[in-house]
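S.K.: Need coordinates for the below:
(2 chains)
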Amino acid sequence: RKEVEQDPGPFNVPEGATVAFNCTYSNSASQSFFWYRQDCRKEPKLLMSVYSSGNEDGRFTAQLNRASQYISLLIRDSKLSDSATYLCVVNPKDSGGSNYKLTFGKGTLLTVNP
Amino acid sequence: SQTIHQWPATLVQPVGSPLSLECTVEGTSNPNLYWYRQAAGRGLQLLFYSVGIGQISSEVPQNLSASRPQDRQFILSSKKLLLSDSGFYLCAWSRAGGPGQYFGPGTRLTVT
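M.R.: Model prediction:
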């Protein structure tokens, strides 16, 4: 099983649609979870952290299910500017307890069409 | 606020030539620093990380090396580039125990 596995995509959706990305991780001791977005030929940017209780930031909702080792990202009312690759990122536990060695999924490409 | 700089933005180098990529961070002290590579169509691969001046950990065997001569400066080097070294090189920083890493704009390297 890959360390972090995402929907392969690509996703093509119309403006205003709701789109969901799923991700699974293999290390049950993983401590921190994130979603990043990466625009074409640009650096990844931290979109949001993912907490066990679930968290929301405007149109974006992230959820974590530790028992199933599953992370999700929901985008509501999608905009053209949401077009990007979305990366699921996991911080496996290490002896230092710090956030070294983030493990990145390969990403899912989203295209929002007018 | 914190900012991270990388240069050059793009680079075309012949096989066998040396490499030096530089990364600097402003607005924070004692950050953790990271070098990643993203090859075309592939995920991010962690190459090196550093928790302090002179402290470098290597994640994968390769012909690259890293150095951290100052607290907020991280350098990626090679004595002789290979074709397989082509890719998008990203520097990132994080707080010692903080949530998430923040990336610089990257250097796109093409080895010919």
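S.K.: who touches the spatially most central residue of chain B in this structure?
M.R.: Chain B has residue B:35 as the residue nearest its centroid, 3.1 Å off, counting by CA atoms, centre = their mean. Residues near residue B:35 by CB atoms under 8 Å, 6 or more residues apart in numbering or on different chains: B:23, B:46-49, B:66, B:74, B:76, B:89-91. C-beta here means a position set from N, CA and C on the backbone, and glycine is covered the same way.
S.K.: Same check on residue B:24?
M.R.: B:4-5, B:72-74.
S.K.: Go through the host helix or strand of it and flag the buried ones.
M.R.: Take DSSP states H and E as the rule and residue B:24 turns out to sit in strand B:19-26. By neighbour count on 16 or more other CB atoms under 10 Å in any protein chain shown, the buried set for strand B:19-26 is B:19, B:21, B:23-25.
S.K.: What parts of chain B come near chain A?
M.R.: B:32, B:42-44, B:46, B:49, B:51, B:59, B:88, B:90, B:94, B:96-106, B:108 (CB under 8 Å from any CB of the partner chain).
S.K.: Only the buried subset of these, as a PyMOL command please.
M.R.: In PyMOL, this line selects whichever of the residues of chain B next to chain A come out buried by 16+ other CB under 10 Å:
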select buried, chain B and resi 32+43+44+46+49+51+88+90+94+100+101+102+103+104+106+108
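S.K.: residue boundaries of the strands in chain B?
M.R.: Secondary structure of chain B (DSSP state E): strands at B:3-7, B:10-13, B:19-26, B:32-38, B:44-52, B:55-58, B:64-70, B:73-78, B:87-94, B:102-103, B:107-111.
S.K.: Quick one: distance of the third one to the chain centre.
M.R.: Taking CA atoms, centre = their mean, to the nearest Å, the mean C-alpha location of strand B:19-26 is offset from the chain mean by 7 Å.
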